[in-house]
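A.B. asks: pasting a predicted model and its sequence here:
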Amino acid sequence: EAQVTQNPRYLITVTGKKLTVTCSQNMNHEYMSWYRQDPGLGLRQIYYSMNVEVTDKGDVPEGYKVSRKEKRNFPLILESPSPNQTSLYFCASSLLATDTQYFGPGTRLTVL
Amino acid sequence: SQQGEEDPQALSIQEGENATMNCSYKTSINNLQWYRQNSGRGLVHLILIRSNEREKHSGRLRVTLDTSKKSSSLLITASRAADTASYFCATPRSGGYQKVTFGTGTKLQVIP
């Protein structure tokens, strides 16, 4: 089954404690992306990747890091989380940036 | 500021009525995509309309695109309670950019 998986689905952490949210797709897609969703603001793109070892900033990259060492995986790293990063995070993938995106189920992150 | 803005922000209709929601964007686009989200879950792609198309249909969905006005509309005909969800437009940027911008969404409630 074609899918995008994210882990964990729910996470409560404290300020400053490094965390990683994993994302994996099994569709051999080149383009992968991370979004955060906040009430009233819709989805905002954090980082995206056009292919292995090629990543770039989206509209709200501050406080986040990503890596793309393998085509299927695109982890999101918060090295020192802060309460303003409390949000619902989605990973998505598509063949190319202009194509239909497939979304993961989301990760609800709370930073205390 | 958001590339994509949907209006209305919220819409409540009776089952069987038509629902129309609009999306405006600011820059040149390759295509425009509509997605649906059920209550905090992952987004699901509904329909994609290319920049050289003016109208597209898929089942009960009708999408129009007016590139001169930088706007699109999504019409859901004969709505059902199961159509209750949030709807977002997404615009992959043209001109070699790889960013994808989502709007703030329209929350649709269909009352049985």
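C.D. replies: In hand now; what should we look at?
A.B. asks: quick check: residues of chain B near chain A?
C.D. replies: Taking CB under 8 Å from any CB of the partner chain as the test, the list of chain B residues beside chain A reads B:2, B:4, B:30-31, B:33, B:35, B:40-45, B:48, B:88, B:90, B:92, B:98-105. C-beta: built from backbone N, CA, C; applies to glycine.
A.B. asks: now, of the residues you listed, which are buried?
C.D. replies: Using 16 or more other CB atoms under 10 Å in any protein chain shown as the burial test, the residues of chain B next to chain A include B:2, B:4, B:30-31, B:33, B:35, B:42-43, B:45, B:48, B:88, B:90, B:92, B:98-105 as buried.
A.B. asks: pLDDT weak spots in chain B?
C.D. replies: B:1-4, B:94-97 (pLDDT under 70).
A.B. asks: let's see it at 50
C.D. replies: Low-confidence segments of chain B (pLDDT under 50): B:1-2.
A.B. asks: could you pull out the strands for it?
C.D. replies: B:5-7, B:10-14, B:19-24, B:31-37, B:43-50, B:55-58, B:61-66, B:71-76, B:85-92, B:100-102, B:106-111 (DSSP state E).
A.B. asks: save those strands as a markdown table, and put in distance to A:Cys91 too.
C.D. replies: Below are the strands of chain B laid out as a markdown table (distance: least, CB to CB, whole Å):
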| stretch | distance to A:Cys91 |
| --- | --- |
| strand B:5-7 | 23 |
| strand B:10-14 | 27 |
| strand B:19-24 | 23 |
| strand B:31-37 | 15 |
| strand B:43-50 | 11 |
| strand B:55-58 | 25 |
| strand B:61-66 | 26 |
| strand B:71-76 | 25 |
| strand B:85-92 | 15 |
| strand B:100-102 | 13 |
| strand B:106-111 | 23 |
